[in-house]
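J.: Here's a sequence, model it:
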Amino acid sequence: MGILKAEPLKVRSWSSRSAAMAWRTYDFQLTTYAILLAVFGLVMAYSNSVSPTVSLSVDSPFVRGLMWAVIAAVVLGVTTAFDYRWLRSFAWPLYLVNIGLLAITLKFGAGTGDASGSSRWVSVFGFPFQFSELAKIIMIVVFAGYLTSRQKNIKSVGTLVGIAVILTPPWILVLMQPDLGSSLVLVAIAAGMLFMSGASLLWMGTLVAGVVGAIPIVWSHLLGYQQARLLTLINGAASDPRANGYQAHQAELAVNAGGIFGKGLTNGTVPLPVKSTDFVWGVLSEELGLIGAIVVLSLFGLLLWRLLVCSWRSGDQFSMLVGCGLAAMILFQVCVNVGMVIGLVPVTGIPLPFISYGGASLVSLAAGLGIVQSANLRRHRPEW
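T.: Down below sits the predicted model:
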């Protein structure tokens with residue numbers, strides 16, 4: 001009779017179990033789509049940095065874009081490792097910090113140097129940083145915390161009033177810069193998160209009706225160039241191609257010039273204003289053509305799909321709303337930026353996520369994605 005030999009018991013520590021479980025729940029698809037879009041952004045930055053007569057310089061958008069991409073990667077890693085549940089506890093202190101940063105921007109910020117007298121950037125270690133981009137992510141966290149606390153009364157009018165009260169101070173500070181585009185994004189985030197939280201559609205419809213009724217008042221407070229952009233959209237960019245309609249007209253020319261396959265990188269010939277930021281979609285369409293545009297839009301669609309999947313399976317209301325808020329922000333910015341270039345919406349200065357050159361936008365997006373991934377990693381408790 002043989003002697004049974006017991007195999008040695010394999011003991012895995014809690015940390016190893018936790019790490020293994022974290023890797024299983026990390027959404028690699030979400031990160032992959034974000035990286036691919038960021039790569040397209042770097043490609044566009046490179047194209048906007050060189051030409052047949054201009055060589056790549058150290059101070060070019062491409063080199064700066066690489067630096068910001070590295071910083072964004074670090075921010076993604078840090079926010080992923082950080083326990084997102086703490087954010088709900090610190091939502092109101094973050095809100096106050098957000099108000100302070102926007103006030104500092106308004107007081108000490110630098111502008112675009114145009115006739116609008118804007119004050120949008122603050123120098124951080126010698127690099128311009130737009131705190132209104134960071135404000136979008138902070139407001140997503142604040143809205144998520146508030147709506148989570150209101151789940152039992154989510155359909156009451158008080159919930160909408162609370163969101164409006166929370167939104168108003170940062171919205172006014174951003175609008176005073178003036179940054180109409182970012183102020184609209186904040187409204188879109190609030191609307192998207194209210195809808196996904198299950199707020200009353202009746203009260204939301206009433207609020208929308210009130211906003212529409214206030215259009216004449218809003219119009220009277222718009223700056224001259226903002227009114228001109230809206231009138232250009234109504235009349236068509238071709239009606240005033242050398243003045244107020246110049247930007248939109250040139251953008252439409254660039255999109256049409258790209259055709260199906262595009263002219264190739266650095267081969268764009270249509271002069272475009274602020275082609276690294278607001279009108280980067282015009283450069284992309286001209287150089288990469290319809291095929292390139294479809295690929296980028298498909299990546300955005302996949303990114304939004306993964307964001308919603310991660311949100312719904314996250315396991316708690318707070319992280320679900322954060323993911324939905326980030327998805328609403330990205331969707332709105334993509335629709336407005338692309339629509340602006342092809343002449344469907346007025347020129348508002350809203351960047352194209354991941355593609356437009358801008359360190360604040362990329363870093364803020366990385367922070368938002370990191371919060372979503374943090375929820376992914378912690379949606380199951382480790383087994384003892």
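J.: Mind telling me what element the residue nearest in space to the middle of the chain is part of?
T.: Compute the mean C-alpha point of the chain, and by C-alpha atoms, centre = their mean the closest residue is residue 330, 4.7 Å away. Using DSSP states H and E, residue 330 maps to helix 317-341.
J.: Return the set of buried residues in that helix.
T.: Residues 317-334, 336-341 are the ones in helix 317-341 that count as buried (16 or more other C-beta atoms under 10 Å). Just so you know, the C-beta spots here come from the backbone N, C-alpha and C atoms, and that holds for glycine as well.
J.: I figured the residue nearest to the centre of the chain was touching residue 300, is that so?
T.: Yes: using C-beta atoms under 8 Å, residue 330 makes contact with residue 300 at a distance of 7.1 Å.
J.: what sits in contact with each of these two?
T.: Common neighbours of residue 330 and residue 300 are listed as residue 353 (criterion: C-beta atoms under 8 Å, 6 or more residues apart in numbering).
J.: So what's the residue count around residue 48?
T.: When counting by other C-beta atoms under 10 Å, one arrives at 22 neighbours for residue 48.
J.: next one: phi and psi at residue 342?
T.: Backbone torsions of residue 342, given as degrees, to the nearest 10, read phi -90, psi 10.
J.: tell me which element the residue nearest to it when sequence neighbours are not counted is part of?
T.: Distances taken as C-beta to C-beta, 6 or more residues apart in numbering place residue 255 nearest to residue 342, at 5.9 Å, with adjacent residues excluded. Following DSSP H and E, the helix or strand that holds residue 255 is helix 246-258.
J.: Same question for that helix: list its buried residues.
T.: Buried residues in helix 246-258, defined by neighbour count with 16+ other C-beta under 10 Å: 246, 247, 248, 249, 250, 251, 252, 253, 254, 255, 257, 258.
J.: Turn those residues into TSV, columns for distance to residue 93.
T.: Output for the buried residues of helix 246-258, formatted as TSV (distance: C-beta to C-beta, whole Å):
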residue	distance to residue 93
246	45
247	40
248	42
249	47
250	45
251	41
252	46
253	48
254	45
255	45
257	50
258	47
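J.: With respect to residue 48, which of those is nearest?
T.: Distance ranking of the buried residues of helix 246-258 against residue 48, using C-beta to C-beta, places residue 254 first at 12.5 Å.
J.: so what's that closest one up against?
T.: Per C-beta under 8 Å, 6+ apart, neighbours of residue 254: 268, 270, 272, 279, 282, 283, 285, 286, 341.
J.: And residue 321, by the same measure?
T.: Neighbouring residues of residue 321 by C-beta under 8 Å, 6+ apart: 140, 143, 144, 147, 148, 193, 196, 197, 311.
J.: swap the cut-off to 6 Å and go again
T.: Applying C-beta atoms under 6 Å, 6 or more residues apart in numbering to residue 321 gives the contacts 144, 147, 193.
J.: ditto for residue 365
T.: With C-beta under 6 Å, 6+ apart, residue 365 has these contacts: residue 353.
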